[in-house]
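Engineer: Following is a predicted model, sequence given first.
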Amino acid sequence: MKKTFLLISILVAASLILAACAPAATEAPPPPTEAPVMTEAPATEAPQVTEEIVLPDLGGREITIAIENAYLPFNFESLETGEADGWDYDFINEACRRMNCVPVWQEFGWDTMIASVAEGQFDMAADGITITEERAKTVDFSDGYVNIEQRLLVGIDEDRFENIEEFAADPNLKLAEQVGTTNYEAAKKHVGEERIMAFDTFGLAVQAVLSGDADGVIIDETAGLGYLGANKEDLKLIGPSISSDQLGFVFPKGSDLVEPFNLAIAQMKADGTLNEINLKWFGPSFTVTYEEIGPGAYAEPEFGTADNPLIMALAPSATTQELIASGEAIAAQLSEITGYTIETTVPTSYGALVEAMGSGNAHIGWLPPFAYVVAHEKEYADVALSTLRFGADHYGAQFIANVASGFTPYFDPATNENTGDAATALAQFDGKKPCWTDPLSSSGYVIPSGYVADAGVKTLSAAFVQGHPTVVRALYAGGICDFGATFIDARTSSSLAEDLPDVMDKIVVIWRTDPVIPNDNVSYAASLPDDVRQKLTAALLQMAGTEEGKASLQAVYQIEGLKEVDDTFYDEFRVLLEASGVDVTGLVK
């Protein structure tokens, strides 16, 4: 049985529907516009139809039913009307009308549906589910209500084999299948798991055949006929039926609902209702395609809810404890303005921050400039706001050392100017060990190391200590490295002033660069919808205009304000990186 939301648009004739298995055929399959012959499954212990079948009164009982709402023709939601419909709805609504019960439909994904029913999360599942001995070990099935067949779907020009046996005989051939389905199990039985390309959705499995990545797919015949309707120039069904299966409803073990539904199936078979429902949904009058239905249980959850909170990730340029406290204050204010649920995290490195933006583990990122350039190059992030400090949107880097190290400072704090050029100031670091912050830190590694290299200075292997205040602490403690680099001026970090009150005397500036580095920014993950981005940007600007917001921004990264920018804001910085010999594309893997 095939279970999932198909990603490829499908022209559904009567056939495109039974995506679990389908009517068998040893002869050539009928054209896509012709409905496959659906046969009612014999009830395993159904009462004799010659006797009156009496249904129980369930007393208005509510029955929770797991359903995908994305599986033609069993259950789906029309994009045009927004209404749920399908075989499952018609049958169960009619059964409950007769037995005095109330269906409570609950959208749920296929991958854990049977396990969730087994655990008692739902009273039953109705999703065109194939009855198998393995599944019956954990759940109870109703009697079967229809028989279906599995066939082999291949490319239109395929001539290397004519059936699954010939396919299996060629070790170079591969099948594409959706995991967790009886189609997958059938494939494993015939060719072995090592020759199966596994996909989360059946649509992707068929696409693998269309693209030539796979040589075939075992598919329920009705679904296969539907794919032929949409891709008749590219696909064909070959060979006889691979297996014949029954579909049934699933219940927790020992459920008292199995017998009532068995009786309902038997009664609706006897009076012709089941045949009418089958004709409606498996017949030629049913032409709904997957393009016309919603994603059902596979819809992306709404961003910013308790179930799917927005994750705000902060660059680890200070201690995690400091950043979390300050970040949570910002998140709370944003939540109050937007109504979104926002959580805060601090990745372990700048690289981890970049990957979080690309993997969905972060939606709002406070990104250092070089980390942003890499993230944008990877198509992970888009900038929205630049931070402001001292009225400027660019900053510089500084080389620092312990006053006891004996290095000569070429920076005058009284005039706030360098007293010598970079080559002179940095020459004294030759043969010394640097402390850098992170490989993706602009002021803590990328730009300073470029200046060192340009000056022809050869240093010892560096220590990457993660965080600008950490560089200061390492130099203050001594014995770890000889010099380091940070943003201007990391020595004034609140945590340092508290722990190391004489830090400004003990750690001196040796030389400073011009303000050539764009300030860190607020970026959004590429997956974040435009309306959410706009709402967050407006909220951040609003927050930056309040006293509470200014205090929170100052606490997190000494930010004084925010301004809107786009990616062109970083063009000059990219030129500088290139001139410094930094290959951004080389970091994008």
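Structural biologist: The structure has been received and is ready for your questions.
Engineer: Just the pLDDT for Gln48.
Structural biologist: At Gln48, the model reports a pLDDT of 46.
Engineer: what do you get for the one 3 residues further on?
Structural biologist: The score at Glu51 is 73. That number is its pLDDT.
Engineer: In stretch 160-179, which residues are buried?
Structural biologist: Neighbour counts using 16 or more other CB atoms under 10 Å place Phe161, Ile164, Phe167, Ala168, Leu173, Lys174, Leu175, Ala176, Glu177, Gln178, Val179 of stretch 160-179 among the buried residues. Using the backbone N, CA and C atoms, a C-beta is placed for each residue, glycine as well.
Engineer: Identify the residues contacting the helix or strand hosting the third one?
Structural biologist: Phe167 is part of helix 164-169, with elements assigned from DSSP states H and E. For helix 164-169, the surrounding residues in contact (CB atoms under 8 Å, 6 or more residues apart in numbering) are Leu152, Arg160, Phe161, Leu173, Leu175, His190, Val191, Asp215, Gly216, Ile218, Gly239, Ile242.
Engineer: who are the neighbours in contact with the third one?
Structural biologist: Meaning Phe161. Taking CB under 8 Å, 6+ apart as the test, what Phe161 contacts is Phe167, Ala169, Asp170, Leu173, Ile238.
Engineer: change it to 7 Å
Structural biologist: Contact partners of Phe161, counting by CB atoms under 7 Å, 6 or more residues apart in numbering, are Phe167, Asp170.
Engineer: how far is the helix holding Phe167 from where the chain is centred?
Structural biologist: Mean-position distance between helix 164-169 and its chain equals 36 Å (CA atoms, centre = their mean, to the nearest Å).
Engineer: got it, and stretch 101-111?
Structural biologist: 23 Å.
Engineer: Surely Lys253 touches Ala136?
Structural biologist: No: here Lys253 does not reach Ala136: they are 9.4 Å apart, not a contact under CB atoms under 7 Å.
Engineer: what's the overlap in contacts for those two?
Structural biologist: In terms of CB under 7 Å, 6+ apart, Lys253 and Ala136 are not both contacted by any residue.
Engineer: For this structure, which residues score under the pLDDT cut-off?
Structural biologist: 1-50, 222-231, 318-319, 580, 583-589 (pLDDT under 70).
Engineer: And for Glu578, the neighbour number?
Structural biologist: Residues near Glu578, counting by other CB atoms under 10 Å, number 11.
Engineer: what separates it from Tyr340, distance-wise?
Structural biologist: As for Glu578, its distance to Tyr340 is 38 Å (criterion: CB to CB, to the nearest Å).
Engineer: One more: Thr424?
Structural biologist: Distance from Thr424 to Tyr340, counting by CB to CB: 52 Å.
Engineer: So for the two, which sits in the more crowded spot?
Structural biologist: The neighbour count for Thr424 versus Tyr340, taken as other CB under 10 Å, is higher for Tyr340 (21 against 14).
Engineer: Phe411 pairs with what?
Structural biologist: Beta-bridge partners of Phe411, counted by DSSP bridges, are Asn418.
Engineer: An error on my part: the question was meant for Ile65.
Structural biologist: Assessed by DSSP bridges, Ile65 has beta-bridge partners Trp105, Met124.
Engineer: how far away is it from Leu175?
Structural biologist: To Leu175, Ile65 is 32 Å away according to CB to CB.
Engineer: do Gly60 as well
Structural biologist: Gly60 is 48 Å from Leu175, by CB to CB.
Engineer: again with Val117
Structural biologist: Distance from Val117 to Leu175, by CB to CB: 28 Å.
Engineer: cool, Ala313 as well?
Structural biologist: Counting by CB to CB, the gap from Ala313 to Leu175 is 40 Å.
Engineer: same thing with Arg151?
Structural biologist: 13 Å.
Engineer: Could you confirm Val582 falls within a helix?
Structural biologist: No: according to DSSP: H, G, I helix; E, B strand; the rest coil, Val582 belongs to no helix; its state is coil.
Engineer: Now stretch 282-300: buried residues?
Structural biologist: Using 16+ other CB under 10 Å as the burial criterion, the residues of stretch 282-300 that qualify are 282-283, 286, 288-290, 292-298.
Engineer: Take these and keep only those in helices.
Structural biologist: Here DSSP state H is the test, and those give Phe282 as lying in helices.
Engineer: with the buried residues of stretch 282-300 in mind, which one is nearest to Phe108?
Structural biologist: Nearest to Phe108 out of the buried residues of stretch 282-300 is Ala297 (CB to CB; 5.4 Å).
Engineer: buried sites along stretch 235-247?
Structural biologist: Neighbour counts over stretch 235-247 (16+ other CB under 10 Å) mark Leu235, Lys236, Leu237, Ile238, Gly239, Ser241, Ile242, Ser243, Asp245, Gln246, Leu247 as buried.
Engineer: Out of those residues, which comes closest to Arg98?
Structural biologist: Out of the buried residues of stretch 235-247, the member with the shortest distance to Arg98 (by CB to CB) is Leu247, at 20.4 Å.
Engineer: wait, is the closest one part of a strand?
Structural biologist: Yes: assigned with three-state DSSP, Leu247 falls within a strand.
Engineer: How about the contacts made by it?
Structural biologist: Ala20, Gly128, Ile129, Thr130, Ile131, Gly144, Tyr145, Val146, Ile148.
Engineer: What about these, which one has the most neighbours?
Structural biologist: Neighbour counts for those, by other CB under 10 Å, peak at Ile148, which reaches 32 neighbours.
Engineer: With just CA atoms, put the helix or strand hosting it into PDB.
Structural biologist: Per DSSP H and E: Ile148 is located in strand 146-155. Provided in PDB are the C-alpha atoms of strand 146-155 (Å, rounded to 0.1, in the frame of the first residue of the first chain):
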ATOM      1  CA  VAL A 146     -11.600  -4.100  -1.200                       C
ATOM      2  CA  ASN A 147      -9.000  -6.100  -3.000                       C
ATOM      3  CA  ILE A 148      -6.000  -4.300  -4.700                       C
ATOM      4  CA  GLU A 149      -3.000  -5.400  -6.900                       C
ATOM      5  CA  GLN A 150       0.600  -4.300  -7.100                       C
ATOM      6  CA  ARG A 151       2.200  -3.800 -10.500                       C
ATOM      7  CA  LEU A 152       5.600  -2.600 -11.900                       C
ATOM      8  CA  LEU A 153       5.800   1.000 -13.300                       C
ATOM      9  CA  VAL A 154       8.700   1.700 -15.600                       C
ATOM     10  CA  GLY A 155       9.800   4.100 -18.300                       C
END
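Engineer: and that strand, what does it pack onto?
Structural biologist: Under the contact criterion of 3 or more CB pairs under 7 Å, 6 or more residues apart in numbering; DSSP states H and E, strand 146-155 touches helix 202-211, strand 217-220, helix 221-230, strand 235-252.
Engineer: mind putting those in JSON lines, distance to Lys269 included?
Structural biologist: Below are the helices and strands packed on strand 146-155 laid out as JSON lines (distance: least, CB to CB, whole Å):
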{"stretch": "helix 202-211", "distance to Lys269": "29"}
{"stretch": "strand 217-220", "distance to Lys269": "22"}
{"stretch": "helix 221-230", "distance to Lys269": "20"}
{"stretch": "strand 235-252", "distance to Lys269": "13"}
